[in-house]
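S.K.: coords please:
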Amino acid sequence: MARVRLADVAALAGVSMKTVSNVVRDYPHVTPEMRKRVQDAIDQLGYRPNLTARRLATGRTGMIALAVPEIDHPYFSELSRHVAEVALERGLRVILEQTLSTSEGEHAVLRDREAGLVDGVIFHPVSMTSLEISRFHRDTPLVLIGEAAVPLTTDHVMIDNVVAAAEATRHLLLLGRRELVFLGAVRGDVTVTTDRRLEGFQLALEEAGIRPGADRVLTADDFSPEAGAAAVHAALDAGDRIDGIVCRDDQFAVGALRALHERGVETPERIAIVGWDDTALSRYSFPQITSVSPDKRAIAEIALAMLVERIDGLAGPGRHRIAPHRLAVRDTAPREGISALQR
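M.R.: Have a look, this model is predicted:
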């Protein structure tokens with residue numbers, strides 16, 4: 001089937017190619033009647049603008065890239081949806097890239113982003129350092145999300161992970177829990193996310209006069225729910241005294257919940273659980289999981305706003321923005337009705 005051309009749309013609408021181009025480019029000085037006439041022809045013919053032609057005509061493609069470590073991770077899946085929704089509201093489309101947290105994958109995002117396909121990139125780095133990111137050419141606007149590299153030259157948005165982890169830990173402490181563990185450290189982890197959240201966990205314990213030892217951190221083989229469950233089983237087998245678990249993410253929280261169920265340990269009566277990311281995993285588990293809830297919509301809105309400003313020509317050093325978060329309190333650590341650890 002032959003590709004529909006701009007000339008075909010112009011012929012059907014009975015207007016000039018220039019008028020069609022103005023409508024496609026969303027040029028403001030087009031009458032509503034003329035815009036509808038052209039849009040009807042576009043819809044009837046199924047016309048799709050040629051990105052290369054648009055780039056030559058306007059210097060833009062109307063597309064951005066979102067690069068995340070794993071597209072099937074619940075947090076990144078939900079965040080990607082928000083980015084796509086906000087981008088659509090701004091008349092932009094999103095290309096989704098997966099880096100798998102590898103140096104090669106992350107370098108490819110920055111190295112290949114100047115191929116002319118996108119006007120800007122929202123990027124969640126894991127392996128790359130701030131210096132590595134800052135050394136890349138800045139021909140394409142870039143906004144970073146997440147807790148890793150934060151070069152002074154680049155815009156960045158994240159939640160305060162230390163504060164959020166301390167709040168989650170204080171929540172369990174206020175419920176009378178004292179034998180808390182953090183789930184968990186992951187063998188071979190190259191991210192700084194775990195470090196930030198562990199820092200907040202330690203801060204809240206020390207504020208409460210509890211000196212945390214190494215046995216307060218459960219280690220998992222990977223980031224899967226199965227690995228989280230195995231870590232909890234191992235701690236219980238070792239006789240560790242536990243009445244509350246602060247989890248690195250909801251996947252670990254689901255794993256912990258499963259392990260406790262398999263051992264006949266009641267949640268929250270004996271052991272309370274707090275997860276992280278407030279994904280569908282926490283909202284639809286049974287019992288529902290209390291979880292640190294980053295405002296994913298706000299992260300998307302802030303990142304898109306900064307990126308569009310850079311696309312529009314804003315210059316200057318990188319800006320750092322903190323997105324809001326809250327603690328979504330649910331069944332595994334409710335504010336009321338939790339008894340002290342049953343011994």
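S.K.: quick one: the strands in the stretch 201-343 of the chain, in order.
M.R.: Assigned by DSSP state E, counting those that start in this stretch, the strands in the stretch 201-343 of the chain fall at 217-220, 244-247, 272-276, 290-294, 320-322, 325-328.
S.K.: what comes up buried for the shortest one?
M.R.: If you call a residue buried by 16 or more other C-beta atoms under 10 Å, then strand 320-322 has these buried ones: residue 321. C-beta coordinates here come from the backbone N, C-alpha and C atoms, glycine included.
S.K.: that strand pairs with which strands?
M.R.: According to DSSP bridges, strand 320-322 forms sheet pairs with strand 155-158 (parallel).
S.K.: show me what the helix or strand following the strand it pairs with is packed against.
M.R.: The helix or strand immediately downstream of strand 155-158 is helix 161-174, counting by DSSP states H and E. Counting contacts by 3 or more C-beta pairs under 8 Å, 6 or more residues apart in numbering; DSSP states H and E, helix 161-174 packs against strand 180-186, helix 193-207, strand 244-247, strand 272-276, strand 290-294, strand 325-328.
S.K.: out of those, which gets nearest to residue 26?
M.R.: Nearest to residue 26 among the helices and strands packed on helix 161-174 is strand 290-294; the distance by C-beta to C-beta comes to 32.4 Å.
S.K.: who touches that closest one?
M.R.: Under the contact criterion C-beta atoms under 8 Å, 6 or more residues apart in numbering, strand 290-294 has outside partners 159, 164-165, 167-168, 171, 250, 253, 272-279, 282, 323, 325-334.
S.K.: just the buried residues of the residues you listed.
M.R.: For these, a neighbour count by 16+ other C-beta under 10 Å gives the buried set as 159, 164-165, 167-168, 171, 250, 253, 272-279, 282, 323, 325, 327-333.
S.K.: quick one on the thing from earlier: tell me which of the helices and strands packed on helix 161-174 is the most buried.
M.R.: Highest mean neighbour count of those: strand 244-247, a mean of 30 (counted as mean count of other C-beta atoms under 10 Å).
S.K.: where does pLDDT dip in the stretch 151-300 of the chain?
M.R.: Along the stretch 151-300 of the chain, the model assigns pLDDT under 70 to residues 190.
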